[in-house]
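K.L.:
Build the 3D model from these lines:
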Amino acid sequence: MLGALAALAALAIAPLPSRAQSGAAPGVSSAAVRRLESALADDSMEGRLTGSPGGARAARLIASEMKAVGLRPMGDSGYYQRVPVSATDSGITLRAGFADSAPGRHETAYNVIGLLKGSDPKLAGEVIVVDAHYDHLGIGAPVAGDSIYNGADDDASGTVSVLSVARALAKAPHPKRSILFVLTTGEEEGLLGTDWLLAHFPLSLDSVVANLETEMIGRPDSLAGGVGKAWLTGYERSTMGAMFARAHIAVVADPRPSQHFFERSDNIAFAERGIPAHTLSSFDLHADYHQPSDDLSHIDFAHMTAVIDSAARAVQLLANGPLPVWNPGGRPAPQAH
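P.N.:
Numbering: from 1, shown residues only. Presented below is the predicted three-dimensional model:
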């Protein structure tokens, strides 16, 4: 825990330059990105397994950062939204509620939620959800002597993006629309945290007008253009990607549509409810996926910082500009999770 706490204590994101007031991209500090990523992917977090002590430590770190940013707590216990789960030899499942006597060891996992209130009296009631999952696989079978599945890319990198965007936009004059920053648990177990979030949403779900998730941005993807470039899942499904392109944000279409990444992360749960929802990523199908070797030594911090800067510009655009809408045939049909 010491390494993670020291990194968090050292966290310092540079103030936004004045150009943010003119609508230019907010500033993001590479040093701050490195410090927070190092804390979340530290061995002391024990791989951030859903419902584990390591997962709880990561949630506390995230809540501390949200408090430092000045976000309004939106969980049922401050920044924390408690999520009832059950752990068995076959995996981790979501219980129907805290009184549910489902078989297995009953644990409490946590989503972490904070709100940046919009500045426009007419638009503040519209909400952009900016999210990532912070959980990973915990401690497992050792590979080359390493049994901690740190998940530095998957998805400490996305978690750092969400927190960095929150810090950047909170420093600027607040955007017109409200932004709900959410770090979920249980994605690796089947969207458990997001399913609980949507069933117990802290605001009216009808107020959510767009969702942008960030997943695995720690390494460049040559098919997206290399360092500093990212891609958007389901690019052709809505007008969101075209909006980013017109604003000269370095985001392109998903170069691997056959992988069905649009359907493979938390954004799909929002999309199936009719909300234009996509995931920003630069995952290049690296061999360290879901391995203990997904650690800090493989993170390209210059690339990651550049993508976070793009994410901040993208969220700023969503919160201030026209809203994305589904293209014909682009909205997915609801599915049971």
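K.L.:
Go ahead and confirm residue 299 touches residue 33.
P.N.:
No. Applying C-beta atoms under 8 Å as the test, residue 299 and residue 33 come out as separate, 9.3 Å apart. Every residue, glycine included, has its C-beta placed from N, CA and C.
K.L.:
Among those two, which residue is more densely surrounded?
P.N.:
Higher neighbour count among residue 299 and residue 33: residue 33, with 26 against 23, using other C-beta atoms under 10 Å.
K.L.:
Just confirm the more buried one is within a helix.
P.N.:
Yes. Using DSSP: H, G, I helix; E, B strand; the rest coil, the assignment for residue 33 is a helix.
K.L.:
Start at 321, not 1
P.N.:
Got it, the first residue is 321 from now on, which makes the last one we talked about residue 353.
K.L.:
in the sheet, who's paired with residue 451?
P.N.:
Residue 451 has the following beta-bridge partners by DSSP bridges: residue 502, residue 533.
K.L.:
Report the contact partners of it.
P.N.:
Neighbour list for residue 451: 482, 501, 502, 503, 504, 514, 531, 532, 533, 534, 586 [criterion: C-beta atoms under 8 Å, 6 or more residues apart in numbering].
K.L.:
go on, residue 631?
P.N.:
Counted by C-beta under 8 Å, 6+ apart, residue 631 has contacts 481, 484, 485, 532, 534, 537, 550, 600.
K.L.:
Please, where are all the helices along the protein?
P.N.:
322-329, 350-360, 373-389, 477-491, 512-519, 560-566, 587-591, 621-640 (DSSP state H).
K.L.:
Show me what the second one is packed up against.
P.N.:
Under the contact definition 3 or more C-beta pairs under 8 Å, 6 or more residues apart in numbering; DSSP states H and E, helix 350-360 sits against helix 322-329, helix 373-389, helix 477-491, helix 621-640.
K.L.:
looking at those helices, which is buried most?
P.N.:
Ranked by mean neighbour count, the helices and strands packed on helix 350-360 are led by helix 477-491 with a mean of 28 (mean count of other C-beta atoms under 10 Å).
K.L.:
Okay, angle between that one and helix 621-640 too, please.
P.N.:
Angle, helix 477-491 to helix 621-640, by axes from the mean of the first three to the mean of the last three C-alpha atoms, to 10 degrees: 50 degrees.
K.L.:
Just want the angle from helix 477-491 to helix 373-389.
P.N.:
Helix 477-491 runs at 20 degrees relative to helix 373-389, counting by the same axes, to 10 degrees.
K.L.:
other SSEs contacting helix 477-491?
P.N.:
Going by 3+ C-beta pairs under 8 Å, 6+ apart, helix 477-491 lies up against helix 350-360, helix 373-389, strand 425-436, strand 447-453, strand 498-504, strand 528-534, helix 621-640.
K.L.:
would TSV of these with distance to residue 395 be doable?
P.N.:
Converted to TSV, the helices and strands packed on helix 477-491 look like this (distance: least, C-beta to C-beta, whole Å):
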stretch	distance to residue 395
helix 350-360	19
helix 373-389	8
strand 425-436	5
strand 447-453	14
strand 498-504	10
strand 528-534	17
helix 621-640	21
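K.L.:
what's the closest of those to residue 595?
P.N.:
Counting by C-beta to C-beta, residue 595 lies closest to strand 528-534 out of the helices and strands packed on helix 477-491; the figure is 5.4 Å.
K.L.:
For the closest one, buried residues please.
P.N.:
For strand 528-534, burial by neighbour count (16 or more other C-beta atoms under 10 Å) applies to 528, 529, 530, 531, 532, 533, 534.
K.L.:
which one of these is nearest residue 414?
P.N.:
Nearest to residue 414 among these is residue 533, at 19.2 Å by C-beta to C-beta.
K.L.:
any weak-confidence spans in the stretch 321-470 of the chain?
P.N.:
Where the stretch 321-470 of the chain drops to pLDDT under 70, the residues are 321-346.
K.L.:
contacting residues for residue 461?
P.N.:
Contacts for residue 461 (C-beta under 8 Å, 6+ apart) come out as residue 467.
K.L.:
show me the residues around the residue nearest the centre of the chain that make contact.
P.N.:
Taking C-alpha atoms, centre = their mean, the centroid of the chain lies closest to residue 452, which sits 1.5 Å from it. Residue 452 makes contacts with 475, 478, 479, 481, 482, 503, 504, 533, 534, 535, 586, as judged by C-beta under 8 Å, 6+ apart.
K.L.:
residues contacting the closest residue to the last one other than its chain neighbours?
P.N.:
Counting by C-beta to C-beta, 6 or more residues apart in numbering, residue 514 is the residue found nearest to residue 586 once chain neighbours are left out, at 4.4 Å. Contact partners of residue 514, counting by C-beta under 8 Å, 6+ apart, are 451, 453, 504, 506, 507, 586, 589, 590.
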